[in-house]
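Undergrad: starting from these lines, generate the structure:
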Amino acid sequence: MSRPLQRGVVRISGNSNDLWDPEMKDRTGKEDLDKNHSSDQSYLALRFPFQFLFHDNSNSPSKYGVSENGFASDPFSIGTPRSRHSLIMLLLKCSFIVIVILALTGSFWWTISISTSSRGRIYHGYRRLQEQLVSDLWDIGEISVGSSRTKELEFCSQESENYVPCFNVSDNIALGYSHGDEYDRRCIHGFRQNCLVVPPVNYKIPLRWPTGRDVTWVANVKITAEEVLSSGSFTKRMMMLDDEQISFRSASLMFDGVEDYSHQIAEMIGLRNESNLIQAGVRTILDIGCGYGSFGAHLFSNQLLTMCIANYEASGSQVQLTLERGIPAMIGSFTSKQLPYPSLSFDMLHCARCGIDWDQKDGLLLIEVDRVLKPGGYFVWTSPLTNPQGFLRNKNNKKRWNFVSDFAESLCWELLSQQDETVVWKKNSKKSCYSSRKPGSVPSLCSKGQDIESPYYRPLQGCIGGTQNRRWIPIEERTNWPSRANLNKKELAVYGIHPDDFAEDTDNWKTAVSNYWSLLSPVIFSDHPKRPGDEDPSPPYNMVRNVLDMNAHFGGFNSALLEKGKSVWVMNVVPTIGTNYLPMILDRGFVGVLHDWCEAFPTYPRTYDMVHAEGLLSLESGQQRRCSTLNIFTEIDRILRPEGWVIIRDTAPLIESTRALTTRLKWEARIIEIESNSDERLLICQKPFFKKQSS
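TA: Numbering: from 1, shown residues only. Predicted coordinates for the structure are as follows:
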């Protein structure tokens with residue numbers, strides 16, 4: 001809704017003497033001009049110094065007359081004694097102008113010689129003034145952005161309902177990419193389609209958690225019965241499909257093969273059952289090619305957080321359906337680029353018939369597994385290739401298995417157990433193993449320059465990473481979950497964070513989450529959410545299951561939500577242009593990823609219940625127009641579910657200047673002041689459920 005644009009008047013500051021009223025000429029007598037002649041001359045010399053240099057005498061009236069422009073004419077002429085005085089005055093004026101020019105020139109050179117840091121401060125101050133000006137003009141109704149900028153965005157074509165930017169397999173194949181590289185992410189900066197993605201025709205709001213974990217709507221995902229039945233993964237086969245719903249049999253004890261499988265893995269590690277994985281130091285698991293998330297869905301009840309990662313799929317998407325169930329997932333290609341996680345990120349990596357040929361690329365994929373695995377972590381691989389009985393029938397499988405087995409040994413992995421089709425390795429937790437290898441052993445250890453904490457679009461590397469990292473701490477020596485989330489002074493020193501700063505951040509987020517609760521309850525975060533016409537559900541049902549935090553900082557928002565007892569998981573995103581706190585977030589037992597918000601996030605449309613951003617606008621505004629705020633907001637709209645919520649917290653000028661975008665996006669929005677900090681505002685929005693389809 002647009003505000004009226006003519007409610008106030010913009011006042012321009014200045015002296016009224018700067019404007020010339022021609023009517024004063026008629027009211028001013030010749031006596032007044034003669035009386036004030038000398039003072040007028042001095043005023044004009046300062047006000048219009050160039051007027052006297054280029055004065056035209058051709059139209060001058062009589063000697064002591066008044067010119068047509070209302071100024072008194074010069075009474076002196078060349079050849080009289082006073083002409084020398086006039087000439088001297090002229091020279092003085094010229095000298096004055098030269099001095100002014102020299103001063104301006106010196107000021108110019110001084111300005112361009114200012115250091116980079118000073119220019120940055122001046123630039124940020126200038127930007128802040130601009131933001132405040134926009135806010136003030138908007139508040140008095142005098143800003144006019146034009147019909148093209150206030151017009152609501154159009155709906156995208158219906159073909160875009162499941163479209164994910166930056167992933168185009170057919171185009172990559174046409175460019176010559178193959179052997180898995182066609183699934184790589186390739187974004188083109190500046191090419192964004194600013195339209196609103198429509199939901200499928202029969203889209204329905206997902207069922208509340210935890211019911212939505214086991215039952216989803218068929219119309220919400222792009223999958224067919226044939227794709228379900230033809231699935232090769234046992235987790236995919238554990239599904240029942242009818243006309244409207246997909247039911248996951250893991251909810252039934254009769255078909256609960258996932259529980260048996262999880263129990264088997266725990267026993268192979270030497271534990272009684274999967275509930276003891278927490279005591280063994282396991283909290284976060286990266287599930288490669290996760291099927292439809294049944295493994296992670298089962299482990300969640302044991303406080304284990306599983307992140308699914310799989311290739312982009314035009315239909316039958318593992319990632320899309322896993323997110324629809326409320327399980328962490330994102331699109332990621334495990335082929336030629338490093339995963340967007342720092343070294344030593346996860347306690348366990350799991351691959352159950354994930355489609356990865358670990359013996360290919362000279363072992364580079366296994367080196368990447370080692371890079372993201374914490375010391376003492378586990379690699380679980382389930383595949384027909386690992387079945388010893390199959391070696392007797394297929395010599396090629398035995399050759400491939402021997403390569404993987406030998407390469408794992410060169411990585412200093414310990415083979416814990418091998419049962420049926422499942423193998424479990426444990427990563428070395430002592431660096432002495434690497435020094436005990438034979439000279440010239442491959443892979444070699446990475447140098448400090450090769451092993452960086454921001455692997456964004458970096459190619460796979462053939463050296464062992466993380467060995468020189470201060471975060472090299474075996475998982476058995478880390479504090480078990482949930483105490484792991486609260487880092488002590490010694491642990492914080494690893495990340496260069498002062499305990500007081502961490503404590504202040506924690507307290508601030510506890511207060512913020514309480515404020516969010518007060519503002520949005522009972523609709524959001526309520527133990528009893530209710531829509532019109534619905535009956536009151538019983539706890540722990542919750543309308544918000546997953547949250548995308550666009551600028552996660554220390555992960556304080558995630559921590560405060562869990563401490564508040566909310567049954568949610570948070571995708572903690574660390575912008576590539578900000579300080580990289582992702583290693584600390586992952587070490588706290590949360591999940592997260594590096595991302596550039598000028599690109600589309602690697603997920604399908606309608607996959608998050610809530611999007612949260614604190615300080616992101618300030619962070620992006622200091623980057624000299626890398627991308628527009630509209631681009632970022634349309635991306636938020638793409639990944640947000642209908643009836644989903646957006647909470648943006650930032651400085652008042654930035655919040656005020658961006659609220660016009662909510663009208664273009666058709667969001668319902670309001671701005672809320674924060675009492676404890678008058679310089680900040682909350683922009684709270686809800687995305688409506690539009691059933692209208694584009695033509």
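
Undergrad: quick one: the strands in the stretch 351-500 of the chain?
TA: 373-382, 414-419, 422-426, 444-445, 463-464 (DSSP state E, counting those that start in this stretch).

Undergrad: can you tell me the strand partners of the lengthiest strand in the chain and which way each runs?
TA: When secondary structure is assigned using DSSP state E, the longest strand within the chain turns out to be strand 640-651. Applying DSSP bridges, strand 640-651 is found paired with strand 608-614 (parallel), strand 680-686 (antiparallel).

Undergrad: pull that strand out as PDB, backbone CA atoms only.
TA: Coordinates of each C-alpha in strand 640-651 appear next as PDB, following Å, rounded to 0.1, in the frame of the first residue of the first chain:
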ATOM      1  CA  LEU A 640       9.800 -19.000   1.600                       C
ATOM      2  CA  ARG A 641       6.700 -21.200   2.000                       C
ATOM      3  CA  PRO A 642       3.200 -19.600   1.500                       C
ATOM      4  CA  GLU A 643       2.100 -18.200   4.900                       C
ATOM      5  CA  GLY A 644       5.800 -18.200   5.900                       C
ATOM      6  CA  TRP A 645       7.300 -15.300   7.900                       C
ATOM      7  CA  VAL A 646      10.200 -12.900   7.400                       C
ATOM      8  CA  ILE A 647      11.900 -11.100  10.300                       C
ATOM      9  CA  ILE A 648      14.500  -8.500   9.300                       C
ATOM     10  CA  ARG A 649      16.400  -6.600  12.000                       C
ATOM     11  CA  ASP A 650      18.600  -3.600  11.100                       C
ATOM     12  CA  THR A 651      19.100   0.100  11.500                       C
END
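
Undergrad: related to what we said a few turns ago, who wins for proximity to residue 652 among the strands of the stretch 351-500 of the chain?
TA: Residue 652 lies closest to strand 373-382 among the strands of the stretch 351-500 of the chain, at 42.1 Å (C-beta to C-beta). Where C-beta positions appear, they are placed from N, C-alpha and C, glycine not excepted.

Undergrad: rewinding a little: to residue 446, which of the strands paired with strand 640-651 lies closest?
TA: Taking C-beta to C-beta as the criterion, strand 608-614 is the member of the strands paired with strand 640-651 that comes nearest to residue 446, at 34.2 Å.

Undergrad: now do the closest one: distance to the chain's middle.
TA: Distance of strand 608-614 from its chain centroid, counting by C-alpha atoms, centre = their mean, to the nearest Å, is 10 Å.

Undergrad: what's in contact with that strand?
TA: Strand 608-614 is contacted by residues 323, 524, 543-551, 553, 557, 571, 636, 639-641, 644-650 when judged by C-beta atoms under 8 Å, 6 or more residues apart in numbering.

Undergrad: ok, 6 Å please
TA: Identification of contacts with strand 608-614 by C-beta atoms under 6 Å, 6 or more residues apart in numbering yields 544-551, 636, 639-641, 644-649.

Undergrad: residue 99 and residue 90, how far apart?
TA: Taking C-beta to C-beta, to the nearest Å as the measure, residue 99 and residue 90 are separated by 15 Å.
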